[in-house]
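Chemist: Predicted model, plus sequence, below.
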2 protein chains.
Amino acid sequence: MTARDLLIESTKRLIWERGVNATSPGAILNASGVGQGSLYHHFSGKPALAAAAAASLAADLQAETDRMLGGDEPSPLAKVRAYVDADRDALRGCRLGRLAFDPGRDGGVAAPIAAYFTELQRTLTQLLDQAVTAGELADSTDTTAVATVIVAGVQGGFVLAALTGDPRAMTDTTRGLQVLLQNAMTSHAPRPRNQ
Amino acid sequence: MTARDLLIESTKRLIWERGVNATSPGAILNASGVGQGSLYHHFSGKPALAAAAAASLAADLQAETDRMLGGDEPSPLAKVRAYVDADRDALRGCRLGRLAFDPGRDGGVAAPIAAYFTELQRTLTQLLDQAVTAGELADSTDTTAVATVIVAGVQGGFVLAALTGDPRAMTDTTRGLQVLLQNAMTSHAPRPRNQ
DNA sequence: GTCTATACCGCGATAGAC
DNA sequence: GTCTATCGCGGTATAGAC
């Protein structure tokens, strides 16, 4: 493994554990076993290295969600349900979401993260639209709102689990999201509104 | 205002803006106009000051939610709906939730925050239980899951808004949560007067 | 109680040898 | 390309005068 790759891999791991701001070049050099000169040879400085690591993390997550939400096999709704129920290490936090309020999240780091979440929200909305077309969900379903609350719910599950130290915050949250999807299904279509 | 209070108020403001780890004693002294000696006279160090500020922030939020969820006037479900639709400055983040992955969130800071969220989740669950008893929600409602996904959804809305720079992430999320509550209502329940 | 002066250390980066 | 040596700066805290 080249020094450049070692630096990126170590930075990715440290960013997941402590965030960008709290990850120092010294810690990265320690973790990677690379000398200081290599860092500043391959990158202009810490911000550039952090940006490269963030882009790689975003690519990793993108690949994982693609594997879960792509393909033609299960129904659109089943894919969304699978995303909600995916295995998550609740206490470690989302590799990207945990950086939302990290002071080290400058432009270079922020861009790939924003792109990942925008794309995830778009993909889920499309799947929900397909589920409506396929008759899996009621016609009246607000697919944008449902897709957003799913992504937000998962991120908030990570936040609550970390804050309380209790991973059940995540499982309770995803159970609530499944209730939302269940009640949106056509067999349980919303009752007529009185008015 | 005493020096001690000035220090706590300035620290609260800076913690909201940058988090605990990225708030230095120097910045606090600058913001408060207090001398360095006063800080270390009233507090053993930065961790103790941060803990006092976190406790004060938690008390502020507790008072705000008490005002919204307490009293006997509106129905239990209407209170929960009001919490979901409360005014929020999405891009600034939740004063407490944004600290979930802050490396400076040590035991002294973490405890009052965890207590606030545990209590909020408990209160919402109770209100939802009352709503079931009152016939506002279906008997089969998983009140723990719904309460948790509401708290998590709001926190995740903050996260997504910050990550994408778009406050609509919060409004889309709360709309999704209202759909969840709407679909959990019983057909015979009186509808809330707002929306 | 509050102030200024001082100290120590690690962060982030540069210089220049090999 | 990689290494070690060095630098300036700010974070965090202590000392001691007033």
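Modeler: Sure, I can see it. Numbering: from 1, shown residues only, chains lettered A, B, ... in the order given.

Chemist: low pLDDT regions in chain A?
Modeler: A:187-195 (pLDDT under 70).

Chemist: and it, which of its residues are near DNA strand C?
Modeler: Residues of chain A lying close to DNA strand C (Cβ under 7 Å from any atom of the strand) are A:Asn21, A:Thr23, A:Ser24, A:Pro25, A:Gly26, A:Ala27, A:Gln36, A:Gly37, A:Tyr40, A:Gly45, A:Lys46, A:Pro47. (C-beta placed from N, C-alpha, C; glycine too.)

Chemist: what's the farthest-apart pair in the residues you listed?
Modeler: Greatest spatial distance in the residues of chain A next to DNA strand C: A:Asn21 and A:Gly37, 24.0 Å, computed using Cβ to Cβ.

Chemist: who has more neighbours, these two?
Modeler: Neighbour count, other Cβ atoms under 10 Å in any protein chain shown: between A:Asn21 and A:Gly37, A:Asn21 has more, with 22 against 10.

Chemist: Could you find the closest non-adjacent residue to the more buried one?
Modeler: Closest residue to A:Asn21 apart from its sequence neighbours, by Cβ to Cβ, 6 or more residues apart in numbering or on different chains: A:Gly104 at 3.4 Å.

Chemist: In three-state terms, label that neighbour for me.
Modeler: With DSSP: H, G, I helix; E, B strand; the rest coil as the basis, A:Gly104 sits in coil.

Chemist: Wait, it touches A:Ala50, no?
Modeler: Yes: counting by Cβ atoms under 8 Å, A:Gly104 does reach A:Ala50; the two are 6.5 Å apart.

Chemist: Quickly list what's touching both of the two.
Modeler: A:Val20, A:Thr23 (Cβ atoms under 8 Å, 6 or more residues apart in numbering or on different chains).

Chemist: If we only consider the residues of chain A next to DNA strand C, which is nearest to chain B?
Modeler: Proximity of the residues of chain A next to DNA strand C to chain B (Cβ to the nearest Cβ) peaks at A:Asn21, which lies at 5.9 Å.

Chemist: Not counting its neighbours along the chain, what's nearest A:Asn183?
Modeler: B:Asn183 (3.7 Å).

Chemist: ok, A:Gly104 and A:Ala50, which is more surrounded?
Modeler: A:Ala50 (28 against 18).

Chemist: Output the contacting helices and strands for the helix ranked longest in chain A.
Modeler: In chain A, assigned by DSSP state H, the helix with the most residues is helix A:107-133. Helix A:107-133 sits against helix A:46-69, helix A:76-84, helix A:143-164, helix B:143-164, with contacts defined as 3 or more Cβ pairs under 8 Å, 6 or more residues apart in numbering or on different chains; DSSP states H and E.

Chemist: Ok, which of those helices comes nearest B:Leu69?
Modeler: Nearest to B:Leu69, of the helices and strands packed on helix A:107-133 and by Cβ to Cβ, is helix B:143-164 at 11.4 Å.

Chemist: which helices and strands sit right next to the following helix or strand past that closest one?
Modeler: Counting by DSSP states H and E, the next helix or strand C-terminal to helix B:143-164 is helix B:168-184. Counting contacts by 3+ Cβ pairs under 8 Å, 6+ apart, helix B:168-184 is packed against helix A:143-164, helix A:168-184, helix B:76-84, helix B:143-164.

Chemist: Now distance to DNA strand D and mean neighbour count too, for those helices, in a markdown table please.
Modeler: A markdown table is the format used below for these (distance: least, Cβ to the nearest atom of the strand, whole Å; neighbours: other Cβ atoms under 10 Å in any protein chain shown):
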| stretch | distance to DNA strand D | mean neighbour count |
| --- | --- | --- |
| helix A:143-164 | 21 | 27 |
| helix A:168-184 | 29 | 22 |
| helix B:76-84 | 35 | 21 |
| helix B:143-164 | 22 | 27 |
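
Chemist: Dump these into a markdown table; add distance to B:Met170 as well.
Modeler: A markdown table is the format used below for the helices and strands packed on helix B:168-184 (distance: least, Cβ to Cβ, whole Å):
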| stretch | distance to B:Met170 |
| --- | --- |
| helix A:143-164 | 8 |
| helix A:168-184 | 17 |
| helix B:76-84 | 11 |
| helix B:143-164 | 4 |
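
Chemist: of all the ones you listed, which lies closest to A:Leu96?
Modeler: Closest of the helices and strands packed on helix B:168-184 to A:Leu96 is helix B:143-164, at 7.6 Å (criterion: Cβ to Cβ).
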